[in-house]
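With the sequence up front, the predicted model follows.
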Amino acid sequence: MRTQIYKIENTTEDLAKIREAADIIQSGGLVAFPTETVYGLGADALQPEASKRIYAAKGRPSDNPLIVHISKFEDLIYIAREVPKEAEQLAKAFWPGPLTMIVNKNEKVPYETTGGMDTVAVRMPSHPVALELIRQSGCLIAAPSANTSGRPSPTLAEHVAEDMSGRIPMILDGGEVGIGIESTIIDLTEEIPMILRPGYITEEMLAEVIGQVKMDPGIVASDSTQKPKAPGMKYRHYAPKASLILVDGEQKAVMDKINALTDEMQFQGKKVGIIGTDETIASYHGEIVLSMGAREDEDGIARHLYRILREFDEAEVDVIYSESFATPRIGQAIMNRLLKAAGHQVLVV
Ligand code: TXA
Ligand code: MG
């Protein structure tokens with residue numbers, strides 16, 4: 001299958017291309033499209049056969065449910081068994097935007113879309129191309145991140161093409177995404193709403209709107225004794241081929257430790273990759289040294305994370321040492337992804 005890639009500069013001028021994409025969705029096909037978080041791989045959420053195509057293209061386990069993307073709040077009412085009051089409050093505060101809510105589904109949503117679950121994950125994205133595609137198709141669009149299962153989520157159309165060329169008919173290229181890590185997921189079917197995946201919308205922001213919120217213990221635990229509630233969070237995603245070790249502590253101590261470890265590995269003839277920041281990379285001497293950006297710019301760090309993990313996927317290094325990024329606001333979301341990539345290997349100095 002040839003994959004058509006359309007650059008979308010502007011949803012009005014490029015409307016004909018978005019309509020072409022919408023036709024594919026309507027007829028049960030797949031289209032990758034930009035959202036504000038990461039690129040999604042979309043299909044009509046209410047056609048079981050269309051959802052199945054997503055799993056096939058990604059090589060995704062069939063028990064891992066998809067997020068349904070909508071363009072208006074009424075669409076949530078349309079597919080939910082009931083709409084909790086928290087959903088209305090959160091939608092008012094954060095939709096369109098990087099927040100996914102889990103509610104009980106009604107019979108309109110096929111089990112192929114929810115991985116067999118009786119709940120459904122729903123999100124209204126804010127990216128103009130995503131919204132226009134949903135509107136033009138007249139469908140609700142099921143869309144996981146547009147990567148091959150197990151690879152870092154795509155933040156550029158080029159990443160989608162790496163993984164999906166020849167497997168899907170169309171990619172809408174909207175340039176680099178704005179946020180770079182996937183949406184926050186909150187489960188509203190729990191007595192106390194529970195965060196199943198941290199993201200740009202933080203626990204504090206959610207608590208300000210709906211009061212008490214808890215964090216899924218399964219995503220905080222560094223061992224496998226606690227199972228995360230979101231099926232997708234149990235997989236070791238975002239894993240570069242080389243082993244990745246996080247070094248945590250005060251900046252100077254971290255740099256010294258990474259340099260000492262690098263010397264040791266290079267002495268053994270091993271190739272070393274390093275993930276640092278603009279402030280530190282000049283002091284490292286690994287074979288490949290990449291910067292996540294300025295340490296103070298946590299939005300930049302989130303946006304660069306997956307591109308950097310992908311670069312290391314390609315690089316022929318034996319081991320990667322990374323500084324840690326427990327930054328004030330979205331640090332929890334960034335560290336959640338990095339810790340998973342590292343298989344929770346952390347050296348505290
Ligand atoms: O930012 C995002 O959310 C992106 C963009 C494309 O919107 N999408 C995304 O989808 O990250 P995906 O499929 O890569 O991640 C969806 C996560 C998985 O961990 C899945 O297990 C969880 O959401 N999930 C979906 N439906 C669920 C449900 N009913 N109950 C619990 N977890 C659910
Ligand atoms: Mg994903």
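Structure received. As the structure is a prediction and not an experimental result, all values here were calculated from the model. Ligands and ions are numbered 1, 2, ... in the order given.

could you measure the residue of the stretch 101-250 of the chain found nearest ligand 1 against Glu191, distance?
Closest residue of the stretch 101-250 of the chain to ligand 1, C-beta to the nearest ligand atom: Gly232 (2.1 Å). C-betas here are computed from N, CA, C, even on glycine. Counting by C-beta to C-beta, to the nearest Å, the separation of Gly232 from Glu191 is 23 Å.

Tell me which of those two has more neighbours.
The neighbour count for Gly232 versus Glu191, taken as other C-beta atoms under 10 Å, is higher for Gly232 (23 against 7).

residues touching that one, list them.
64-65, 144, 197 (C-beta atoms under 8 Å, 6 or more residues apart in numbering).

Now it: phi and psi?
With angles defined as degrees, to the nearest 10, Gly232 sits at phi -70, psi -20.

Tell me the confidence at the closest residue to Asp318 other than its chain neighbours?
The shortest distance from Asp318 to any non-neighbouring residue, by C-beta to C-beta, 6 or more residues apart in numbering, is to Lys270 (4.2 Å). pLDDT, Lys270: 96.

my read: Lys270 touches Val319, true?
Yes - the pair Lys270 / Val319 is scored as a contact, 6.3 Å apart, by C-beta atoms under 8 Å.

Which residue of those two possesses the greater neighbour count?
A direct count of neighbours by other C-beta under 10 Å for Lys270 and Val319 places Val319 higher, at 17 against 14.

how much space is there between the more buried one and ligand 1?
When distance is defined by C-beta to the nearest ligand atom, to the nearest Å, Val319 is 27 Å away from ligand 1.

same deal with Lys271?
From Lys271 across to ligand 1, the span is 31 Å (C-beta to the nearest ligand atom).

And Ala43, by the same measure?
12 Å.

residues in the stretch 51-200 of the chain within reach of ligand 1, list them.
Selection of the stretch 51-200 of the chain residues close to ligand 1 by C-beta under 6 Å from any ligand atom yields 64-67, 100, 102, 114, 117, 119-121, 123, 125, 143-145, 182-183, 185, 196.

rerun that using 8 Å as the cut-off
Applying C-beta under 8 Å from any ligand atom, we find that the stretch 51-200 of the chain lies next to ligand 1 at 60, 64-67, 69, 98, 100, 102, 105, 114-115, 117, 119-121, 123, 125, 130, 143-147, 153, 179, 181-183, 185, 187, 196-197, 199.

Pull up the residues of the stretch 201-349 of the chain that are close to ligand 1.
Contact residues, the stretch 201-349 of the chain versus ligand 1 (C-beta under 8 Å from any ligand atom): 229-233.

pLDDT below threshold where in the protein?
Within the chain, the segments meeting pLDDT under 70 span 221-225, 235-239.

so what are the domain limits for it?
Structural domains annotated on the chain: 4-219, 243-348, as defined by automatic domain parsing.

Now the terminal residues of the shortest one, how far apart.
Distance between the two ends of domain 243-348: 17 Å, counting by C-alpha to C-alpha, to the nearest Å.

Now name the helix or strand holding Leu305.
When elements are assigned from DSSP states H and E, Leu305 belongs to helix 298-314.

Flag every buried residue along that helix.
Neighbour counts over helix 298-314 (16 or more other C-beta atoms under 10 Å) mark 298, 300-312 as buried.

ditto for stretch 90-109
For stretch 90-109, by 16+ other C-beta under 10 Å, it's 90-91, 94-105, 109.

distance between it and the chain's centre?
Centre-to-centre, stretch 90-109 and its host chain are 17 Å apart (C-alpha atoms, centre = their mean, to the nearest Å).

now stretch 112-122
Taking C-alpha atoms, centre = their mean, the mean C-alpha location of stretch 112-122 is offset from the chain mean by 18 Å.

what residues are up against Ser183?
Per C-beta under 8 Å, 6+ apart, neighbours of Ser183: 37, 67, 98-100, 123, 197, 199-201.

Out of those, grab the one that's most surrounded.
Neighbours here mean other C-beta under 10 Å. Within the contacts of Ser183, the largest count is held by Thr37, at 29 neighbours.

Show the contacting residues for that residue.
98, 125, 177, 179-183, 199-200.

can you list those in a markdown table and add secondary structure?
Below are those laid out as a markdown table (DSSP: H, G, I helix; E, B strand; the rest coil):
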| residue | secondary structure |
| --- | --- |
| Pro98 | coil |
| Pro125 | coil |
| Val177 | coil |
| Ile179 | coil |
| Gly180 | coil |
| Ile181 | coil |
| Glu182 | coil |
| Ser183 | coil |
| Gly199 | coil |
| Tyr200 | coil |
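
Need these in CSV (columns: distance to Gln266).
Putting the contacts of Thr37 into CSV (distance: C-beta to C-beta, whole Å) gives the following:
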residue, distance to Gln266
Pro98, 40
Pro125, 44
Val177, 35
Ile179, 36
Gly180, 31
Ile181, 32
Glu182, 35
Ser183, 40
Gly199, 37
Tyr200, 37
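
and which of the residues you listed is nearest to Ala45?
Taking C-beta to C-beta as the measure, Ala45 lies nearest Pro125 of the contacts of Thr37, at 13.5 Å.
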